[in-house]
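> Please find the sequence and the predicted model below.
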Amino acid sequence: MPELPEVETTCRGIAPHILNRTVQDVHVREARLRWPVPATLGHTLVGARFKAVNRRAKYLLLETDRGILMIHLGMSGSLRIMPTDTPPLFHDHIDLVLDDGNCLRYHDPRRFGSFHWLEQLEHSLLDHLGPEPLADIFDGAHMYQRSRGRRIPVKQFVMDGKIVVGVGNIYANEALFMAGIHPARAAGRVALARYEVLAQTIKTVLGDAIQQGGTTLRDFVGGDGSPGYFAQQLSVYGRQGHPCKACKSALKEIRQGGRSTVFCPSCQR
DNA sequence: ATGACAACCTGTGGGC
DNA sequence: TGCCCACAGGTTGTCA
């Protein structure tokens, strides 16, 4: 489900509600996520106080005075703040009960998300991650340099977390459209100047989506339960067969790496 | 190293 | 109406 803007929206939404709160109790109703939720999570977390809420790639890093809770939302995960006595719904797998009558509740029908406990800010899943797309060190030169000699389609290249993190299927489609680059073009055959444009469109589309509270297609909700409003600004994703907003040509859909790609065959070369 | 693909899991929508 | 298949915002692991 969530790409970087949705994770960032969640991060900002829950932060004010959990900062300086202490975990009173932990309920794990379903431990079978992408990786098993540690059986000791409750023991470790009860009594811990949240000190900072950060994000790295699509991982949420909830820092406590004892260690760090690392959460990934997978395809269908969401985190919400609600009164502890709210009856859990189907697929509400985990509650972190706070000391103010609220809880942080994790909902995830497909169970592709994960909970990890870190003693230090160090984990194999965080190794080898590419730069943050909104950081200055991520630029066209970086993509250009990393793409030389590669035949992989540029769409799949920008979705590779070792190149740049956080760009999922929706925003990869949108950024390529904005940059006028054909998604099937080999990554190694995109010129530096075009990568400079692409780096900028990635930053723009992610930044705009964060401002809109993310994209809600089906079920994404932020920390307060409200949806994101970026879906209405999508130019290509989900608009196959509809007219290009720039040239009115019919948008085309193809499959790349098992994922849907939508683009304008006229504007994108 | 690279790239292709299966795997993890549930829900939904379209076609018949 | 009901059934079956394809597909959905992600990522890891395996294999050639």
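That came in fine, so what should we check first? Numbers count the residues shown, from 1 in each chain, chains lettered A, B, ... in the order given.
> could you check the distance from residue A:210 over to DNA strand C?
13 Å (Cβ to the nearest atom of the strand, to the nearest Å). C-beta: built from backbone N, CA, C; applies to glycine.
> Now that residue. Nearest residue, chain neighbours left out?
Nearest non-adjacent residue to residue A:210, counting by Cβ to Cβ, 6 or more residues apart in numbering: residue A:5, 4.6 Å away.
> Neighbours of that neighbour, how many?
Using other Cβ atoms under 10 Å, residue A:5 has 26 other residues around it.
> For the nearest residue to residue A:65 once chain neighbours are set aside, list the residues it contacts.
Distances taken as Cβ to Cβ, 6+ apart put residue A:49 closest to residue A:65, at 5.1 Å, once the chain neighbours are dropped. By Cβ atoms under 8 Å, 6 or more residues apart in numbering, the contact set of residue A:49 is A:20, A:21, A:22, A:23, A:64, A:65.
> Which among these count as buried?
A:21, A:22, A:23, A:64 (16 or more other Cβ atoms under 10 Å).
> one step back: now tabulate the contacts of residue A:49 in TSV and tack on secondary structure and distance to DNA strand C.
Shown next, in TSV, are the contacts of residue A:49 (DSSP: H, G, I helix; E, B strand; the rest coil; distance: Cβ to the nearest atom of the strand, whole Å):
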residue	secondary structure	distance to DNA strand C
A:20	coil	28
A:21	coil	26
A:22	strand	29
A:23	strand	25
A:64	strand	23
A:65	coil	27
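> element containing the residue nearest to residue A:210, please.
Assigned by DSSP states H and E, residue A:5 falls within helix A:4-18.
> helices or strands up against that helix?
Where contact means 3 or more Cβ pairs under 8 Å, 6 or more residues apart in numbering; DSSP states H and E, helix A:4-18 is packed against strand A:50-56, strand A:59-64, strand A:78-83, strand A:92-98, strand A:102-107, helix A:192-211.
> I'd like the next helix or strand past it.
Following helix A:4-18 in sequence, per DSSP H and E, is strand A:23-28.
> No further queries at this time; thank you.
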